[in-house]
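Undergrad: Mind looking at a prediction? Sequence and model below.
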Amino acid sequence: MLDINNDKLTVVLLIVIALLGILNLNKDMVGMNVLELGLEDRNFEIKDNVINLNSLTLKQKIGQMIFTLAKPENKDLLQEMNVGGIYFWKKNTENTYSNDIRYFQENMEIPFFVGVDLEGCWNPFEDFYKFPMFKEIKDENEAYELGKEQGLLLKKLGFNINFSPVVDREDKIWKCRSFEGDIERKAAYYVRGLQNQGIIATAKHYPGKTLIGKDPHKDIEFTIINEDDLKPFEWTIKSGVKAVMINHLISRGAADSEYKPSVVSKSVISGLKKDFTGLVLTDEVRMAGLKDFYGDERRMYVDLVNAGNDVILDFNAEPWHIYKIVAIIENAINLGEIKEDRIDDAVTNILKTKGFKVVKRKL
Amino acid sequence: METKSINYVLFIVVFVLALNLVYPLGRAYGKLTFGDLGCEINGAYVDDANLCCHEMGRFPGCFDNKCDSDNYQIVANKQMFRYCKASGYDVRY
């Protein structure tokens, strides 16, 4: 016999479960209008290398802050979303690089940053061009020449930013990524050699100490940063380095990240910005337990922006994921969690680094 | 099963789904369903799965559980490669 009250309750519960199920599947998008994730026309005002920042929509400005993997099948969407930078993994021939980079940069009024890791012992061009390892470099003159040689190749292929030099003093994993001996002097000369060829150098990973093989989230292990760790950054900054990459380690001492990964610590990044006015980039956000530290992905992206990063490295290059990052940040601005001034500062820095003079008026 | 018993079960499901909206349960219990994951980079063991995946993604291809280049070698088991793929990393093996 039917128990009407219980059966009604069952129906109600099933409907509630269906609704909660949909919300759970889309919980990153709760509060956002998914229909607003449409692509926008690019009507940038650019004249003689001067760009009117106000001619970019908010979504387009946020897009400039994202640096992701270059997957040819996503090229059109990355262009439409005005993504700021693309990164290439290892390829086998010069022509593959040149052709792919040309393919991406076609018709881009605001060109992509085109980045690579040509580091102390990682050479993505090794199939057609060899370089000595950083640990083989004897003095600053050799470091300068290495920077110059690498800069020439990168320029030829179409790159404009190299995520190098690694200036961490402790490297227990790779054991070859940094210079040896006088790291600060060699790194400073390397930066000059590279940047004199028109390639942006990136000192990393501020405030120092490459991962030591432990997941800081699992062991809550703190890294102690001392003044010596900061010296290579001071030297490369004095040498004119145009970009610095921030790591995900929880640090104490001369750079205190207040129990958070350095990349989301306002304290660490404002410490850097006392002497550095160039580009601040995150390390790739999926690494080293940053996402695990947060649990809530939305909070992570908001904190990355508010901490003072100009560029977010996120190598999940699926277009829906890029849409999601843009939507999260835009939503946070609409809710007052991020000030639009913060975005303008970041994008101004990005566009200046790309060679534009930035104004906020009609041209 | 009686409708009343089904409703108790449904209440629990509602509670879990509602709780997951405000406090993702993955945070409490961890996300990995593959067991402990890690790799060897140049002979040093690294138990950071995402770092391993990032490094492995640098290579155009990995063979026999190894990703090799002039000065870089990463060794990982099949489970690690599967984890990387499942997590959206472009690791080729």
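TA: Noted; the coordinates are in hand.

Undergrad: C-alpha only now, for contacts and for neighbours.
TA: Fine.

Undergrad: Verify the stated contact: residue A:174 with residue B:40.
TA: No: using C-alpha atoms under 8 Å, residue A:174 makes no contact with residue B:40, being 9.8 Å away.

Undergrad: Compare the two and say which is more crowded by neighbours.
TA: residue A:174 (23 against 19; other C-alpha atoms under 10 Å in any protein chain shown).

Undergrad: and that one, what helix or strand is that in?
TA: Here residue A:174, judged by DSSP states H and E, is contained in no helix and no strand.

Undergrad: Could you pull up the residues touching it?
TA: B:41-42, B:44, B:72 (C-alpha atoms under 8 Å, 6 or more residues apart in numbering or on different chains).

Undergrad: anything in the lengthiest helix in chain A near chain B?
TA: In chain A, with assignment by DSSP state H, the single longest helix is helix A:4-25. Yes: shown here: helix A:4-25 in contact with chain B (C-alpha under 8 Å from any C-alpha of the partner chain) through A:6-7, A:9-10, A:13-14, A:16-17, A:20-21, A:23-24.

Undergrad: Name only those of these that count as buried.
TA: A:6, A:9-10, A:13-14, A:16-17, A:20-21, A:23-24 (16 or more other C-alpha atoms under 10 Å in any protein chain shown).

Undergrad: Next SSE downstream of the lowest-mean-pLDDT helix or strand in chain B?
TA: When the helices and strands of chain B are scored by mean pLDDT, DSSP states H and E, helix B:25-29 comes last with a mean of 45. Per DSSP H and E, helix B:25-29 leads on to strand B:39-41 as the next helix or strand towards the C-terminus.

Undergrad: quick one: average pLDDT of that following strand?
TA: The average pLDDT for strand B:39-41 rounds to 90.

Undergrad: Listing partners with orientation, what would you give for that strand?
TA: strand B:44-46 (antiparallel), strand B:73-75 (antiparallel) (DSSP bridges).

Undergrad: Pick the most buried one from those strands.
TA: strand B:73-75 (a mean of 21; mean count of other C-alpha atoms under 10 Å in any protein chain shown).

Undergrad: so how far is that strand off the chain centroid?
TA: Chain-centre distance of strand B:73-75: 19 Å, with C-alpha atoms, centre = their mean, to the nearest Å.

Undergrad: same deal with stretch B:60-69?
TA: 20 Å.

Undergrad: now stretch A:345-354
TA: 13 Å.

Undergrad: Touching, residue A:58 and residue A:329? I think so.
TA: No: counting by C-alpha under 8 Å, residue A:58 does not reach residue A:329; the two are 9.8 Å apart.

Undergrad: Just give me the neighbour total for whichever residue of the stretch 251-363 of chain A sits closest to chain B.
TA: Closest approach between the stretch 251-363 of chain A and chain B, counting by C-alpha to the nearest C-alpha: residue A:287, at 4.9 Å. For residue A:287, the count of nearby residues is 21 (other C-alpha under 10 Å).
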